[in-house]
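In: Sequence unavailable; structure follows:
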C-alpha cells in the first residue's frame, strides 16, 4: 500500500471517529455528515485510482480525491470556528 493510501485510510478512520463524537455527544448532524462523506471519500477515490484503466483515469480519480480533501478541510474549518 502506498503512503498516500495508508495515510488516507488512517484519515478516514479518524474522520469516522470524529463523526461519532460530533453526532452522538454533541448532537451535531448536518456538518458532521458532510465531513463524514467527504473525509471517507478521499481514501475511496485513491483506492479506485490504484486500479485505473489508464493514466488519464488515474489522474481523474486522484483529482477527485484532492477535491474531497479540500472539501473536508472546509468542513473542519467550519466546525473549528463554531467550536463544535
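Out: Yep, that arrived. Everything numeric here is computed off the predicted structure, so don't read it as measured data.
In: what's the following helix or strand after the helix or strand containing residue 40?
Out: Taking DSSP states H and E as the definition, one finds residue 40 inside helix 30-50. Heading C-terminal from helix 30-50, the first helix or strand you meet, by DSSP H and E, is helix 55-81.
In: pLDDT on that following helix, on average?
Out: The predicted model assigns helix 55-81 a mean pLDDT of 98.
In: Quick check: buried residues in that helix?
Out: For helix 55-81, the neighbour count (16 or more other CB atoms under 10 Å) marks 61-62, 64-65, 68-69, 71-72, 75-76, 79 as buried. The C-beta positions use only the backbone N, C-alpha and C, and glycine is treated the same way.
In: what's the angle between the helix holding residue 40 and helix 55-81?
Out: Angle, helix 30-50 to helix 55-81, by axes from the mean of the first three to the mean of the last three CA atoms, to 10 degrees: 160 degrees.
In: which ones are touching residue 17?
Out: With contacts taken as CB atoms under 8 Å, 6 or more residues apart in numbering, residue 17 has no neighbouring residues.
In: how near is it to residue 48?
Out: 23 Å (CB to CB, to the nearest Å).
In: Then residue 69?
Out: To residue 48, residue 69 is 15 Å away according to CB to CB.
In: Could you list the buried residues of the helix or strand hosting residue 16?
Out: Remark: residue 16 resides in helix 3-20, with elements defined by DSSP H and E. Residues of helix 3-20 classed as buried under the neighbour-count rule (16+ other CB under 10 Å) are 8-9, 11-12, 15, 18-19.
In: For the closest residue to residue 69 other than its chain neighbours, grab the count of nearby residues.
Out: In this structure, residue 69 finds its nearest non-sequential neighbour in residue 42, 5.3 Å apart by CB to CB, 6 or more residues apart in numbering. Look at residue 42: counted by other CB atoms under 10 Å, it has 25 neighbours.
In: same deal with residue 83?
Out: By the criterion of other CB under 10 Å, residue 83 has 5 neighbours.
In: ok, back up a step: can you list contacts of the helix holding residue 40?
Out: Taking contacts as CB under 8 Å, 6+ apart, the residues outside helix 30-50 that touch it are 2, 4-5, 8-9, 11-12, 14-16, 18-19, 22-23, 57-58, 61-62, 64-65, 68-69, 71-72, 75-76, 78-79, 82, 84.
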